Each structure stands twice: as C-alpha cells, then as structure tokens.
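K.L.:
Okay, here's the prediction I keep looking at, along with the sequence it came from:
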Amino acid sequence: MKSKRKLLIRIIAVAVLIGIAAAMFVVGRGHTVYFDNKDLTAADGTEYKAYYKIEVFVGDKSVAKLSAGDRGMVTTMGQDFSMVLHITPTEGGKKVGSAVKLKLPYDMDGIILNLPALLSGAAEEVYQDEFIPAVVEEESEEAVVTDEFAIPTEE
Amino acid sequence: MSKKTGTTKNEKLGAFLRRGSVPLMFIVLCAACIPIAGLSPSYLANEVVTRMGRNAFLILSLLIPIMAGMGLNFGMTLGAMAGEIGLILVADWQIVGIPGMVLAMIISIPISILLGFFCGKILNMAKGREMITSYIISYFMNGVYQLVVLYLMGSVIPIKHSSIKLPRGYGIRNTVSLLEMRQKLDNLIPLTIGGVKIPVMTFIVIGLMCLVIVWFRRTKLGQDMRAVGQDMAVARDAGINVERTRILSIIISTVLAGFGMVIYLQNMGNIPTYTAHSQIGMFCIAALLVGGASVDKASIGNVFLGVILFHLMFIVAPRAGAAITGDSMIGEYFRVFVSYAVITVALIMYETNKRRAKSAEGERLRQEQLKEEKKA
Amino acid sequence: MNDIANSKKEKSWLKRLVESYGLPRLIITVFLLLLLVLAPFVGADLPTQVSNIIARFSWNGILVLAMIPMVHSGCGLNFGLPLGVISGLLGATISIELGFTGAFSFVMAILIATPFALIFGMGYGWLLNKIKGGEMMIATYVGFSSVSLMCMMWLVLPYKSPNMVWGLSGKGLRTTISLDGYYNQVLAKFLQIQIGNLVIPVGTLLFFAVLALAIWAFLHTKTGTAMTAVGSNPVFARAAGINVNKMRMLSVVMSTWVAAVGILVYEQGFGFVQLYTAPFAMTLPTVSAILIGGATVNKATITNVIIGTILFQGIVTMTPTVMNNMIHMDMSEVIRIIVSNGMILYALTRKTEGSK
C-alpha cells in the first residue's frame, strides 16, 4: 500500500516536471526580431515604400529609430509579440502612432519584419522573412582544451 | 573526543581555535591584502555580493555528503557537467531567460541522478577512501563528458546552430554564449543599495535551498544519513540500509550541483565548455573549508563565511601580488596555491584528528580492560 | 568427484587466465595488439610506430618505477609524484644555471636534484606518517600545493642564465626550456641502434634497467623485505621489531628520488624542461601506467612497471595515428583520459587486504 503510494507520488512528480519542461519550451522560446524600414517589392509586383522615420517601442522602451533603409532589432521571448510604432511618413510630416500585435513562428530564430509592408496590411508571407545569419568561419579549427592532466602534446 | 566526557573551558577554547584557525588566517590575510590592493570598497562589495550569488548554491550542494560521512564530494563536478549539458541543449533550442534556466535544470536532473547513482555505487565499493575515489571519478567522467560533447553532440545528439557547433560539423565550441540568459535571474528583482547591485532573486533561491537543507536534516532520510555518517556499523545494526542511504546522499548532492552550475553560468553569461566544471569542484571545496568547515562537519554558516573570505582573497590577491612584486602572475599563482594549500591543511587536520580519536578510543578500551583485570 | 573438479578446472582455464592477468589488462593488451595489426593497413609505418613506443617507454619508465617503493611500504599510489618531479626540475635548472653543458650537465642535474629529493622526501614522509590511512588524498594535494608554490618560485628565484629566463624582462624562468647544448638525448644517443626505421635508444633502456635492477635488488635485501612486510602487514611488522615509520619514510624518500631522476630522463628524451604547471600532467598517467601493468594499491613489481608502461605508452602513441587514418576523428585524447582514469578507479574499488 505504502509502496504503491510512493510510486504514485513519483509518477506525479515526474509528470509535473515534464509538464513544466513542456511549458518552458513554449514560454521561453527566444526570437530575434529584425525591423526593416526598407522598400519592398512583393512577388505579385506590389510595391511598398519605406517611411521617412519609424521609432519602435517594445515594452515601453524605445528599441530602434529607423530612417528609410535602416534595420533595427530586438530579442524577445515567446511567440506573442507586440510593439508600438511611431511613424513619421515624410520629412516634417505628422507623427502617427500604431500598435502592432502578431504571432511569431515557433521554429524561426531570427525573423525579419518589413514594416512598410506590415503597416500596409500585406499578407504574412510578404512582410515576414527568416533571418539566416551569415556564417563567419574562423580559418583554423579551435583548439580544444582537455583536462589539466593531459600529456603535453609534443608532436 | 566522545561527547560523554565533560569539556572544560580550556578544551572548548582549544577546539574553537582549531575550528576557527583557517577563517581567522584568511581574515588576517584579507585584511593585509586589501589596503595593498587599493581597490575601492564599493568595487569590493559589488564583487563579493556577485560571487556570493554565483557560488553559494554550488557550495551548498557539498553539505549533504559531508553529513553522510562521505567527506568532500569531489564528484560534484558530475552535477556541474549535467548542468552544462542542459544549458548547451537549451542554448541550441533557443529557450531563453528564466524559462531556459528552468528547462536546463530539469534536463540536468535525470543526467545528475544517473551520474550520482554511478558515483555512489563506486564509492560504496571504495569505503574508507571515498575522497580520492570521487576525485578520480570526476576525472574519469570528464573523459566521458568530452566524448559526449566533443564527438556525440552534432553527430548523434542533434545540434542545429552553427554558433554552438564546431566548424567540422560535430562537437561543441570552446565557449557557448548564454547572452539571452545572462543574469536574468539576478536582475529579476532589481535592487541597488549604496552602489552595490544585489541579485535579490538569486539570494531568495539560495535562501530557500538553505531552508530545504535545514528541513532535510530533520526528515527520516536526513537522520539516517547522520547516523550513517557517525558509524556505519551501528547504523546498519539499527536497520538502516547504509548503501542506499550513501548513494542517495551523493545523488542529491549531484542534482543540487547541477542546479548550482546553471545559476553559476547564468551569472557568467557564457559556458566555457571544456573547463567550467574542472575548476569548480576545487574552488567550491576550498571556499567551504575556508569558511571553517572540516571534512566531517560543515554548516550553512560555513558556506557563507567561506564564500565571502575565499572570494575576497581571490579578488585582492592578484592586485596585492602585482603591487608588491610588480608581476601580476605571482598573484594569480598565489591564489591557486592558497586554494590548494587550504584543502591540504584541512585534509591533514581531518586525518590527524581521526587518528587521535582512534588512539584515544584504543586507550579507553585498554584502561577498561585493565580495570576488569584488576577486578578479577 | 575428481573428474568433475577437473572438468570444471579445464572449462575455466580462460577464466583463470583472465583472473591471473586481470580483465582490464587483458582488454588493453588485446586493444594494443589490434592497433599494431591495423597500423600497416591504414598506412602507418610499423617500425616507426614501434620505435615511438620504445622511445616513450624509455622516457617514462623510471617515473613509473618511482611508484614501487611507496606501494611496497603500504603508502599507496604515489599521487605526490610532483614533489619528486620538482626536485628533478630544480636539479635541471640549477645545473644549467651553473653553466654545465653536454652530458656532464645531466650528471650534475642528478647530483643537484638529490639533496632536494632527500629533503622534500623526508618532509613528505614525515607528513605521511602522521596521516596513515589517508595517504593518497593528501599526497594528491601535497603535489598540487607544491606545484603551485613552485609556480611562484620559478618567477621569483634569482635565475640569470639567458637560455632560461624570459628574454624581455630578463627574470623569471620560461615555461619550456630547450635542452639543446645541454643533455638533450644524452642517454638516447648513447649506443643507439638503428635498423631502417626502427630506432632503439639503448642507453636510456640500459639506464632504466640499471635502476630497475637496483630497486629489485634492494627489495630483496633485509631492509627491502622489512619494507614489504610493513606494507603487507604493519601489525606483524611492528611485532617483529621493525620500525614502521622509519621504513615508510625510507620508501617515500626513495620514491621521491627516483621520480627526480625519472623526470630528468624524461627531459633528455623529450628535449625540453617543462616548468610551472607541467608537473601536474605527470601524475595520473604514471599512476595509471603501473596499474595497467597489473599492480594494485598495495602490490607492485618491476614486471608491472615494464608491462604497464609499454601498454600505456603504446596506446597513447598508437591511437592517434590509427584512429586518424581510419575514421578521420582524433579521439585519442578522450580514450586516454577514460582508460587511464578508469584504470585508477578500478584499482581503488578493489578490495585490498591489509592496506589500512
């Protein structure tokens, strides 16, 4: 009887841990979001023009001030992403505020958002793109450090 | 040595001095070095507080095996390895911040349990020389760790990101960045007092751990461990499963060391993949001993006193050495020497005390025998 | 009855072989033989490989020999080997500092190292007599402490020889010091035999043989047997009127001195003096070499030393070449760490009688 209860407690403990782990997978997934204030021509030929200036706020903090052609970035956690954009369409123009909320794709580490396309209400596949970091390789393979008792390599 | 004999004031003072000699020595050492090093008090305070948050949890993991009479657990390195493996995987999966830490800890649990079980089994086969054996286990496991991280990760265990993987396609780079996790726990509740940044949340976690240890001492298992630590034969006669209790104490210590390593590395902000764990065991043990612990007795107070004194020495020694000799390397070597020397002295004191106790016991038995002979 | 017993015996001859030779040793031997057989097929030149093994055996043999006296007197495996190594290093550096060159610098290095080895050995022996039963752990940390203390000393001691100190500041010894012009290869080149690619450093091997023979002979003298008695049964030894502490002290001093000579022989083969943290690197390979040779925590013979050093160095030299050529993956470091430490673990967990 007692051992049965013990087993049950253990199973529950393991299940709880796995549950927490699964939750962490969802909650804790980090993304890097890149904002582009750039001209974009979609596949169907629609053109989106860059704005004169956009300031991006995430969580009440200004993370980027983008002139036309600029790119900014922010790191976030989780898939629900919201930001506030302060847009100045043309030089000397009036500032317009706009709040954007969107879902980020789970399996992308780096996500490029083309802000002009996004604000014009284009489809997701138009304004969103995956950021693939350019692989910078050092020429030589890194020397791997082993234990402090290693025999000195004499050859 | 037994508790029954009444201790006079003098003996008590002697015992206090013996116990307190190492911390006292360190207080003198630090007091001498601080003015020479010429570091500002606020810098020192900041460093000590940071290092306390970074290391205290790891050192707490050493307490339980000491309670079970298994000496200083050099095998805590195993837990550190498990924590690192968890963090490497989490870094590759891009789980960041505190959820990443929690996930890394959860991943480390089964690995730690497995390694701890292995370690405990072997230590049961090497009773009486647990320390040297656990010490060699840490080197042996370092080989296995390298096998896994250097050859299996990326080839058998999927690793996606080339920022973590070696250019050759398998194996992990010398350092893995934890930028998105860096000090996330420390800064969760920001607090700065008089220019000193205090990692409040880390301290809360450490405080909780202390409470758990205090509670654990009173549980059935905790009592069993203390009994095993005092005398294995007596404990066995009392119906305690000695082997199982010893294995459990090592498993708990390994799991805690894994958690501690995750906390340690979130503060550092990167993983030195092949070197992080090899130093950690020695520094934690040295710090505990500096705090006045011995091989068979250690308290939570020793942990905190040890962290403060040991790391104060660690910060000021290179500066003081450079100021005196004009060579910065001397200070570097000096602090390494001090860490080793502290462990050496503690081990020697432990062994001589053990022998003294043994011969005192022998003397007592002989006296009793003589008395009985006289009676007869 | 007898028949059954006989058949049982017959059946288990393999088992008995395994028992007498030791399973780990058997596996390692088979592994080494396999590597040797494979070597020609993967394009490695067998005579060169064999020469390498012999050369490395000749460098390391005497260091491994330094384990024997302490194991015999019951002090366990000499994890305090760095102490002897440091004596040797002091001998080497002082000999160079005093301006000796060529083969004579080697003789002087040994002579100068001797008093250091005696003093360090006596201190070390005195300490180990105070802490009987806990020798191995403390020996390890005595080794660590002394190496890190010497790290400071190498910087501070007033060495002047331009061949040894840092060129820029003119003080503090370099981490590696070349022995060209001093005793580089003095033993190895003596009576060297070369057949094609096979090179045999007869001089070094002879030197090893002389020392091994001396230790073997010593262990068969009255003092030597007394030392063995102390190790195998201290209670009996004390009853027989042997001064246990004196015997243990003698064994530690001997071990330390042999280690000092051992590191000098290693250097003459390697061609460099390595200072600072380098002595750390000598301990575990040396300890595991003698264990691979079949020694236990309290029993070791010259044969163990020879077999163990050949097996260990064989694996260290052969695995990189064969592995690299076969699977283009150099796992030799990892294999070496696992094998050597695994071997020490195996020895530590075996039940040993009379060690405490």
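P.N.:
Noted; the coordinates are in hand. Numbering: from 1, shown residues only, chains lettered A, B, ... in the order given.
K.L.:
What is the end-to-end distance of stretch C:163-179?
P.N.:
One end of stretch C:163-179 sits 9 Å from the other (Cα to Cα, to the nearest Å).
K.L.:
before we move on, what about stretch B:59-67?
P.N.:
Span of stretch B:59-67 from end to end, Cα to Cα: 14 Å.
K.L.:
anything in that stretch near chain C?
P.N.:
No - Stretch B:59-67 lies apart from chain C when judged by Cβ under 8 Å from any Cβ of the partner chain; the minimum separation is 14.5 Å. No exception for glycine: its C-beta is placed from N, CA and C like everyone else's.
K.L.:
I would like the residues contacting that stretch, please.
P.N.:
Stretch B:59-67 has contacts (Cβ atoms under 8 Å, 6 or more residues apart in numbering or on different chains) with B:71-73, B:76, B:79, B:206, B:209-210, B:213, B:216-217, B:222, B:225-226, B:229, B:249-250, B:252-254, B:256-257, B:259-260, B:284-285, B:287-288, B:293, B:295-300, B:303, B:306-307.
K.L.:
cool, stretch C:34-46 as well?
P.N.:
Here stretch C:34-46 has contacts from C:49, C:50, C:197, C:314, C:315, C:318, C:319, C:321, C:322, C:325, C:326, using Cβ under 8 Å, 6+ apart.
K.L.:
Tell me how far the first one lies from chain A.
P.N.:
Same thing as residue C:49. From residue C:49 across to chain A, the span is 13 Å (Cβ to the nearest Cβ, to the nearest Å).
K.L.:
Nearest residue to that residue in space, please, no chain neighbours.
P.N.:
residue C:39 (5.5 Å; Cβ to Cβ, 6 or more residues apart in numbering or on different chains).
K.L.:
now swap in the last one and tell me
P.N.:
For residue C:326, the nearest residue in space outside its immediate sequence neighbours is residue C:42; the separation is 5.3 Å by Cβ to Cβ, 6+ apart.
K.L.:
where's that neighbour relative to residue C:197, distance?
P.N.:
According to Cβ to Cβ, to the nearest Å, residue C:42 and residue C:197 sit 17 Å apart.
K.L.:
now swap in residue C:116 and tell me
P.N.:
40 Å.
K.L.:
Looking at the two, which is more packed in?
P.N.:
Each of residue C:116 and residue C:197 has its neighbours counted (other Cβ atoms under 10 Å in any protein chain shown); residue C:116 has more, 21 against 12.
K.L.:
who touches the more buried one in this structure?
P.N.:
Residues in contact with residue C:116, defined by Cβ under 8 Å, 6+ apart, are C:86, C:87, C:90, C:91, C:260.
K.L.:
residue ranges for the strands of chain A, please.
P.N.:
With strands called from DSSP state E, chain A shows them at A:30-37, A:40-41, A:47-48, A:53-58, A:61-67, A:70-77, A:80-88, A:96-103, A:110-114, A:128-130.
K.L.:
Tell me which of the ones you listed sits nearest to residue B:116.
P.N.:
Closest approach to residue B:116 among those (Cβ to Cβ): strand A:30-37, 30.6 Å.
K.L.:
could you point out where the chain is predicted with low confidence?
P.N.:
By default, I'm working from chain A. For chain A, the stretches with pLDDT under 70 are A:1, A:134-155.
K.L.:
my bad, the chain I had in mind was chain C
P.N.:
Using pLDDT under 70, the flagged stretches of chain C are C:1-11, C:328, C:351-356.
K.L.:
Would you mind measuring from residue B:103 to residue B:53?
P.N.:
21 Å.
K.L.:
typo on my end, it should be residue C:333
P.N.:
Plainly put, residue C:333 is 35 Å away from residue B:53 if you go by Cβ to Cβ.
K.L.:
which one of these two has more residues nearby?
P.N.:
Neighbour count, other Cβ under 10 Å: between residue C:333 and residue B:53, residue B:53 has more, with 25 against 21.
K.L.:
I'd guessed that one sits against residue B:204; true?
P.N.:
No - judged on Cβ atoms under 8 Å, residue B:53 makes no contact with residue B:204 at a distance of 10.4 Å.
K.L.:
Close to chain B: what parts of the stretch 51-200 of chain C are there?
P.N.:
Proximity of the stretch 51-200 of chain C to chain B is confined to C:79, C:127, C:130-134, C:136-138, C:140-142, C:144-145, C:148-149, C:151-152, C:155-156, C:172 under the rule Cβ under 8 Å from any Cβ.
K.L.:
Next step: these restricted to strands.
P.N.:
Among these, no member is found in strands (DSSP E).
K.L.:
Filter those down to the buried ones.
P.N.:
Among those, those classed as buried by neighbour count (16 or more other Cβ atoms under 10 Å in any protein chain shown) are C:79, C:127, C:131-132, C:134, C:136-138, C:140-142, C:144-145, C:148-149, C:151-152, C:155, C:172.
K.L.:
is chain C contacted by the host helix or strand of residue B:367?
P.N.:
For residue B:367, the element it lies in under DSSP states H and E is helix B:328-375. Yes - contact of helix B:328-375 with chain C (Cβ under 8 Å from any Cβ) involves B:329-330, B:333-334, B:336-337, B:340-341, B:343-344, B:347-348, B:350-352, B:354-355.
K.L.:
repeat for stretch B:169-178
P.N.:
No - using Cβ under 8 Å from any Cβ, we find that stretch B:169-178 stays clear of chain C, coming within 8.6 Å at best.
K.L.:
What's the local residue count around the residue of the stretch 251-356 of chain C found nearest chain A?
P.N.:
Closest approach between the stretch 251-356 of chain C and chain A, counting by Cβ to the nearest Cβ: residue C:284, at 4.5 Å. A total of 25 residues lie near residue C:284 under the criterion other Cβ under 10 Å.
K.L.:
OK, contacts around it?
P.N.:
Here residue C:284 is in contact with A:149, B:139, C:340, C:341, C:344 (Cβ under 8 Å, 6+ apart).
K.L.:
Format the residues you listed as a markdown table; extra columns: distance to residue B:111.
P.N.:
Shown next, in a markdown table, are the contacts of residue C:284 (distance: Cβ to Cβ, whole Å):
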| residue | distance to residue B:111 |
| --- | --- |
| A:149 | 24 |
| B:139 | 18 |
| C:340 | 24 |
| C:341 | 19 |
| C:344 | 23 |
